[in-house]
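**Q** coords below, sequence missing:
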């Protein structure tokens, strides 16, 4: 059964956790009634600006940010981290992925879609690198737990957070919950597949790009402030 938990953010915006056994249903609910599901960089910023007692610190969640595995023009296997509207942030595409069948928990994605994402490597919007492409071997090698202070300098941090500045603000706060370590997880997926990105609260499930898409869904939806037409959630 779906659960909607309303809350108010420190800047006055209305927000809610949308939860359901299905990520697809939770995604739909987080984008309903004037809300918009927040991508990973925005959620990290929201957590950073709130005390430990606020509901945004009580739950792990999935975001519409995604990672896609593909081949570079040189034929090298790479992973793209994406923090803007993408193939998997569209509910219809997520539903189609379930219909076609997940690949070891990842969604099959058309090759031309993945190729288009890879071409946007380095794209920046409002100071956030919304597309970062990393060599797949590097992603696999760095997947696991690490010291929070080491994570500040890790090459995957910009991929997961979209900005080293966001990571520098967020990681010390995360340490209050997880202790000295944080997880940065990415599975070694097949080419032309994708997963949504999760953000947890423990050393085991910090930044997670390896969770299956048939997991429990919990997303944060946020309404823009009244009068703030055109406000973006990225």
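**A** That came through fine. These numbers come from a predicted model, not from an experiment.

**Q** how near is residue 217 to residue 152?
**A** Distance of residue 217 to residue 152, computed by C-beta to C-beta, to the nearest Å: 30 Å. For glycine as for every other residue, the C-beta is placed from the backbone atoms N, C-alpha and C.

**Q** who has more neighbours, those two?
**A** Per other C-beta atoms under 10 Å, whichever of residue 217 and residue 152 has more neighbours is residue 217, with 23 against 14.

**Q** What residues are bridge-paired with that one?
**A** Counting by DSSP bridges, residue 217 is bridged to residue 20.

**Q** Might one say that it is in contact with residue 23?
**A** Yes - counting by C-beta atoms under 8 Å, residue 217 does reach residue 23; the two are 3.5 Å apart.

**Q** Quick check: neighbours shared by these two?
**A** Both residue 217 and residue 23 are in contact with residue 62, where contact means C-beta atoms under 8 Å, 6 or more residues apart in numbering.

**Q** low-scoring stretches of the chain, by residue?
**A** The chain contains residues with pLDDT under 70 at 202-204, 227-234.

**Q** Next, the contact list for residue 121, please.
**A** 80, 131, 132, 133.

**Q** need those in CSV with distance to residue 120 and neighbour count, can you?
**A** As requested, the contacts of residue 121 are exported to CSV (distance: C-beta to C-beta, whole Å; neighbours: other C-beta atoms under 10 Å):
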residue, distance to residue 120, neighbour count
80, 8, 23
131, 4, 22
132, 10, 23
133, 9, 20
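
**Q** Mind naming the longest helix for this protein?
**A** Secondary structure of the chain per DSSP state H: the longest helix is helix 164-178.

**Q** Contacts for that one next, please.
**A** Helix 164-178 has contacts (C-beta under 8 Å, 6+ apart) with 41, 44-45, 47-48, 52, 57, 127-128, 148, 151-152, 157-158, 160-161, 182, 201-203, 206.

**Q** tally of neighbours for residue 120?
**A** By other C-beta under 10 Å, 15 other residues sit near residue 120.

**Q** List the residues that contact the nearest residue to it once chain neighbours are set aside.
**A** Nearest residue to residue 120, sequence neighbours excluded (C-beta to C-beta, 6 or more residues apart in numbering): residue 131, at 4.2 Å. For residue 131, the contacting residues are 80, 81, 82, 83, 84, 117, 120, 121, 122, 123, by C-beta under 8 Å, 6+ apart.

**Q** biggest strand in this protein by residues?
**A** strand 61-71 (DSSP state E).

**Q** how much distance is there from the helix or strand just after that one to the middle of the chain?
**A** Sequence-wise, the next helix or strand downstream of strand 61-71 (DSSP states H and E) is strand 77-82. Computed by C-alpha atoms, centre = their mean, to the nearest Å, the chain-centroid distance of strand 77-82 equals 13 Å.

**Q** now what about strand 77-82, what contacts it?
**A** Here strand 77-82 makes contact (C-beta under 8 Å, 6+ apart) with 65-72, 114, 117-118, 121, 130-137, 139, 159-160, 162, 186, 189, 191, 197, 209.

**Q** Show me what that strand pairs with in its sheet, parallel or antiparallel.
**A** When DSSP bridges is applied, strand 77-82 pairs with strand 61-71 (antiparallel), strand 131-135 (antiparallel).

**Q** Of those, which stretch is the most buried?
**A** Per-stretch averages of neighbours, counted by mean count of other C-beta atoms under 10 Å, single out strand 61-71 among those, with a mean of 25.

**Q** Quick check, residue 46 in contact with residue 55.
**A** No - the criterion here is C-beta under 8 Å, and residue 46 misses it with residue 55 at 10.7 Å.

**Q** All good on my end, thank you.
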